[in-house]
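Enquirer: sequence? don't have it. structure:
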């Protein structure tokens, strides 16, 4: 398995991607950079040593060490949980891959095309591994981003630094040592979820450094009888069983860019709640709220968090009851609600929210039904949040400007970043945040 994955990483070309995937790649890059810029105030991890640093940080400074920059930037990019995600693999790839490559680009003479190819390789591997495993391991508390995204970071860094298939294979095997993380943080209101992405990004650089230093990884570290897959599933998995998932175009085209700073699962809940808001009138007349969801999404740890005491952002962003109550109380999503802002209307609505499973409902969909005190039932529904909240080049500019303004950055800085991303395929070097 490792040798086949490594071969695909080394052979991938931007020309292999569909036009839609190449466009999506640039869009994902710009979106993740933007939520990273806006995520600085919400990062729970310390800023790395900056004195004498040259590895750019999303906070505007520069870290002394490449691994430290990747570690911190990944946490910042994920701090609003607004970075893109794969709904089947249940993981965040971009927020791990991009920070690792930002650091590597400072030491490697990468063209823009090579940078994009490395990102595509990372998405292919992270999502290729996770799509088979995640539906089986997520219900047990395994966080896919912590376990499977590190392989994407390693693949991306190996590609960017020009490793051959043999060394890439060693680096991928060594990644099994550092992969890990559970979803208990969503239930405890703790900060491990930011460490998951930080560790994953740093792992990409560390595993490649080790491989280049001559440290070897097992040929069957993934598919062996005591390897990664067997340890998680208690069964052998061959590459033939998962090869169809290693499609870089599909990985990019099916990524979900989040319009809202809540969990990927709750994107559909927020949109459905917003759609029913205009029908309500007086929120005091609400008697009962029902949220219908896909059973797998409903069962994701944290989705049923109901409080009444929420200790941290991590508990609120995952909670379907909190999301729907907050939106109905204000008529739209108000981000400060998720960071401790008080709202008596929201607090009154929370206890009357009932989340139920609908086996016929696909992922990325939700229905919010409100029973009023006069007996009327009002509904709002999302059929496919990936399509219905989809950001494209006609909408991402306004969305991105808003995020950069929120971070106190000038709109012209966002415009320069957007221009840099759009011109990467022709650029001789990587410069994502050009000065005036």
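Expert: Arrived safely, thanks for sending. If you're wondering where the values come from, they're calculated on a predicted model, not measured in any experiment. Numbers count the residues shown, from 1 in each chain.
Enquirer: Identify each buried residue in the biggest helix by length in the chain, please.
Expert: Using DSSP state H, we find that the single longest helix of the chain is helix 112-137. Applying a neighbour-count criterion of 16 or more other CB atoms under 10 Å, one finds 112-134, 137 buried in helix 112-137. C-betas here are computed from N, CA, C, even on glycine.
Enquirer: tell me what that helix is packed against?
Expert: Other helices and strands packing on helix 112-137, by 3 or more CB pairs under 8 Å, 6 or more residues apart in numbering; DSSP states H and E, are helix 2-11, helix 19-39, helix 94-104, helix 144-160, helix 228-233, helix 239-242, helix 248-253.
Enquirer: Please name whichever of those is nearest to residue 394.
Expert: helix 19-39 (10.9 Å; CB to CB).
Enquirer: wait, isn't residue 216 in contact with residue 170?
Expert: Yes. Under the criterion of CB atoms under 8 Å, residue 216 makes contact with residue 170 at 5.4 Å.
Enquirer: Those two - which one has more neighbours?
Expert: The neighbour comparison of residue 216 against residue 170 (other CB atoms under 10 Å) goes to residue 170, with 25 against 13.
Enquirer: how much space between the more buried one and residue 209?
Expert: For residue 170, the distance to residue 209 equals 11 Å [CB to CB, to the nearest Å].
Enquirer: Same question for residue 40.
Expert: 27 Å.
Enquirer: And the two? Which one has more around it.
Expert: Neighbour totals were compared for residue 40 and residue 209, and residue 40 leads with 21 against 16 (other CB under 10 Å).
Enquirer: what secondary structure does the closest residue to the more buried one other than its chain neighbours sit in?
Expert: Leaving aside its chain neighbours, residue 40 sits nearest to residue 59 (4.9 Å; criterion: CB to CB, 6 or more residues apart in numbering). Using DSSP: H, G, I helix; E, B strand; the rest coil, the structure places residue 59 in coil.
Enquirer: For residue 59, grab the count of nearby residues.
Expert: Using other CB under 10 Å, residue 59 has 20 other residues around it.
Enquirer: And for residue 431?
Expert: Residues lying near residue 431 (other CB under 10 Å) number 16.
Enquirer: go on, residue 342?
Expert: 8.
Enquirer: how about it, what does it touch?
Expert: Listed by CB atoms under 8 Å, 6 or more residues apart in numbering, residue 342 has no contact partners.
Enquirer: Can you name the helix or strand that it falls in?
Expert: Assigned by DSSP states H and E, residue 342 belongs to no helix or strand.
Enquirer: Local confidence estimate at it?
Expert: You'll see residue 342 listed with a pLDDT of 88.
Enquirer: gap between the nearest residue to residue 119 once chain neighbours are set aside and residue 431?
Expert: Computed as CB to CB, 6+ apart, the closest residue to residue 119 that is not its neighbour in sequence is residue 97, at 5.7 Å. Separation of residue 97 from residue 431 (CB to CB) stands at 18 Å.
Enquirer: try residue 99
Expert: As defined by CB to CB, residue 99 lies at a distance of 16 Å from residue 431.
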